[in-house]
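Colleague: 3D model of this:
(one chain, ligands or ions: 1)
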Amino acid sequence: MSQPVHLSARLRDVRGSAIRDLLALTAREDVISLAGGLPGTDLLPRERIATATASALADAAVVQYGETAGLRRLRAVVAAHETERVGRAIAPDDVVITSGSQQALDLVARATLDPGDTVVVEDPVYVGALQVFQAAGAALRPVPVDAAGMDLDVLAELLAAGLRPRLVHTVSSFHNPRGVTLAAPRRARLAALADRYGFLVVEDDPYGLIAFDGPPPVPVAAHGERVVRLGSASKVLAPALRVGWLTGPPVLAAAVERLKQCTDLCGSTLTQAVAADLLADTPWFEAHLHGLRTALGRRAVALAAALHDAFGAALTCSTPAGGMFCWVEFTDGTRPADLLPHALRHGVGFVPGSAFAVGRPVDHAARLCFASSPEPMLRTAVHRLATAWREQRALRRNVEGCGRSSNCWSATPSSPTTPSRP
Ligand SMILES: Cc1ncc(COP(=O)(O)O)c(C=O)c1O
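Modeller: Model (predicted):
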């Protein structure tokens, strides 16, 4: 090609997802992946999806284009679920079905942001949100996440000092990547701050229904109306359906629908019909959710116990109450980004915390997904991780020793078991 292809300035601002890159490496058959946020394939209801697909196909309309805002039946069942979750009536007309909730996030950003507008994001952040807001040319203001979710004292201080964001993005329940849940008083306070300062909260909630014990957390949207809620069938039914949804102020739902016309005309009528069937079949869906929560709860406990046994005090691990992620922090100076190549060689993958950092450096933390593998595989994964960690620690000590001594051989990551000679 004689002329270079011009790419937009907007694209140059979008950081590639280290996680998507990692998925290629962890797809190797010999690697147990704790990296991707993938629900375990063994927990996805393939048979029920097959019967729903077969009965959906009896209706010829299911192989046609559909309405941009989504299949009526699905909008109605999502509206009913959301009405129950937020405790006030949500009409089917206020629901837009999207291709996964990721598309909803992208359309909300495009509908509300002009380049340079400020968006508050959590730190560490859901990488998919970071990419969307970068693509929209937003000015990002990170707010730290602690054990009770986004630190609202920090947000309130920024607002009091004059910050005027258009959007505040939060993964309110069982956070990706931190695993934590925004505490109930913080939810009410966030909704009140939105009313006072005129921003919209984007409540990104694909994990809320996966609470291991007790009911799902009450949404931020239950406390106010300046909240756009994003939901997804990906974690509770199957990611391959690519069914997500948005509920929020009607003017925003209408704007998103208009932008969706530009993007893909409409979602898949077939997979929307399948999702509608499964979500409307209350006895089946409740039993399925119960099984999913129980299985994921067991996986979380198994991973945390195996980490505790293998690493002792060298690592702290959050205790997830739902969702799919464990956030670990090394207390012995280990940098997960340095550990990762060793771990991959030993057949285990994870995501270093640095992949989720926006403001503060996150050098000693990592996200481990416990959802993708059954318990015995999780224990094998931790065994491999601990072997890689011991190997890397020995190397580090050798290198540090070499730093102090002038006549020793260097050990390289490609020959990690080569002992360094004094
Ligand atoms: C917080 C969060 N939001 C949105 C998504 C996108 O999900 P979907 O498959 O519905 O597009 C994910 C996927 O991992 C996620 O973790």
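Colleague: for whatever residue of the stretch 301-422 of the chain ends up closest to the ligand, what are its contacts?
Modeller: The ligand sits closest to Met324 of the stretch 301-422 of the chain, with a gap of 8.2 Å, by C-beta to the nearest ligand atom. (C-beta placed from N, C-alpha, C; glycine too.) Going by C-beta atoms under 8 Å, 6 or more residues apart in numbering, Met324 touches 37, 39, 174, 176, 207, 210, 235, 296, 369-371.
Colleague: In contact with the residue nearest in space to the middle of the chain: list those residues for me.
Modeller: Among the residues of the chain, Asn176 comes closest to the average C-alpha position under C-alpha atoms, centre = their mean, at 4.1 Å. Contact partners of Asn176, counting by C-beta under 8 Å, 6+ apart, are 37, 126, 207, 323-325, 367.
Colleague: Give me the phi and psi for the residue of the chain found nearest the ligand.
Modeller: For the chain and the ligand, the shortest gap (C-beta to the nearest ligand atom) falls at Gly100, measuring 2.5 Å. Phi and psi for Gly100, reported as degrees, to the nearest 10, are phi 70, psi 160.
Colleague: confidence score at it?
Modeller: Model confidence at Gly100, given as pLDDT, is 98.
Colleague: beta partners for the closest residue to it other than its chain neighbours?
Modeller: Nearest residue to Gly100, sequence neighbours excluded (C-beta to C-beta, 6 or more residues apart in numbering): Gly244, at 4.4 Å. Counting by DSSP bridges, Gly244 is bridged to Thr98, Ser232.
Colleague: ok, Gly244 to Thr53 distance?
Modeller: From Gly244 over to Thr53 the distance is 19 Å, taken as C-beta to C-beta, to the nearest Å.
Colleague: Show me which of the two is the more surrounded one.
Modeller: Taking other C-beta atoms under 10 Å, Gly244 and Thr53 do not tie; Gly244 has more neighbours (25 against 15).
Colleague: For that one, give me its contacts.
Modeller: 97-104, 206, 230-234.
Colleague: circling back: could you dump the contacts of Asn176 to a markdown table with secondary structure and pLDDT?
Modeller: A markdown table is the format used below for these (DSSP: H, G, I helix; E, B strand; the rest coil; pLDDT from 0 to 100):
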| residue | secondary structure | pLDDT |
| --- | --- | --- |
| Gly37 | coil | 89 |
| Tyr126 | coil | 96 |
| Tyr207 | coil | 98 |
| Gly323 | coil | 98 |
| Met324 | coil | 97 |
| Phe325 | strand | 97 |
| Arg367 | strand | 97 |
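Colleague: Tell me which two of the residues you listed sit farthest apart.
Modeller: The span of the contacts of Asn176, defined through C-beta to C-beta, is set by Tyr207 and Arg367 at 13.4 Å.
Colleague: which SSE is Cys326 in?
Modeller: Applying DSSP states H and E as the criterion places Cys326 in strand 325-330.
Colleague: List the strands paired with that strand, with their directions.
Modeller: Applying DSSP bridges, one finds strand 325-330 paired with strand 315-317 (antiparallel), strand 365-369 (antiparallel).
Colleague: any idea which of those strands is most buried?
Modeller: strand 365-369 (a mean of 27; mean count of other C-beta atoms under 10 Å).
Colleague: Tabulate the CA atom coordinates of that one in CSV.
Modeller: Extracted C-alpha coordinates of strand 365-369, given in CSV (Å, rounded to 0.1, in the frame of the first residue of the first chain):
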residue,chain,number,x,y,z
ALA,A,365,-1.5,-7.4,43.4
ALA,A,366,-3.1,-9.8,40.9
ARG,A,367,-6.6,-10.8,39.9
LEU,A,368,-7.4,-14.5,40.0
CYS,A,369,-10.7,-15.8,38.4
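Colleague: And stretch 175-189, what's buried?
Modeller: Neighbour-count burial for stretch 175-189 flags 175-183, 186-189 (criterion: 16 or more other C-beta atoms under 10 Å).
Colleague: which strand is the longest one in the chain?
Modeller: strand 139-146 (DSSP state E).
Colleague: State the paired neighbours of it in the sheet, together with their directions.
Modeller: Assessed with DSSP bridges, strand 139-146 is paired to strand 118-123 (parallel), strand 149-150 (antiparallel).
Colleague: what about Glu84, how many neighbours?
Modeller: Neighbour number of Glu84 under other C-beta under 10 Å is 10.
Colleague: I meant Asp153, not that one.
Modeller: 13.
Colleague: Then Ala156?
Modeller: Neighbour tally, Ala156, other C-beta under 10 Å: 17.
Colleague: which SSE is it in?
Modeller: With DSSP H and E as criterion, Ala156 is part of helix 152-160.
Colleague: Can you name the element that comes right after that helix?
Modeller: Taking DSSP H and E, what comes next after helix 152-160 is strand 167-170.
Colleague: buried residues in that next one?
Modeller: Result for strand 167-170 [16+ other C-beta under 10 Å]: buried residues 167-170.
Colleague: Which parts of the protein are strands?
Modeller: 32-33, 95-98, 118-123, 139-146, 149-150, 167-170, 200-204, 227-232, 244-247, 315-317, 325-330, 348-349, 351-352, 365-369.
Colleague: between the ones you listed, which gets nearest to Glu400?
Modeller: Going by C-beta to C-beta, the one of the strands of the chain nearest Glu400 is strand 325-330, 16.2 Å.
Colleague: pretty sure Leu25 is touching Val31, no?
Modeller: Yes. Counting by C-beta atoms under 8 Å, Leu25 does reach Val31; the two are 7.0 Å apart.
Colleague: what do the two both touch?
Modeller: 344, 349.
Colleague: Looking at the two, which has the bigger crowd around it?
Modeller: Neighbour count, other C-beta under 10 Å: between Leu25 and Val31, Val31 has more, with 19 against 14.
Colleague: got a pLDDT number for that one?
Modeller: 92.
Colleague: what residues are up against it?
Modeller: Counting by C-beta under 8 Å, 6+ apart, Val31 touches 25, 344, 347-349.
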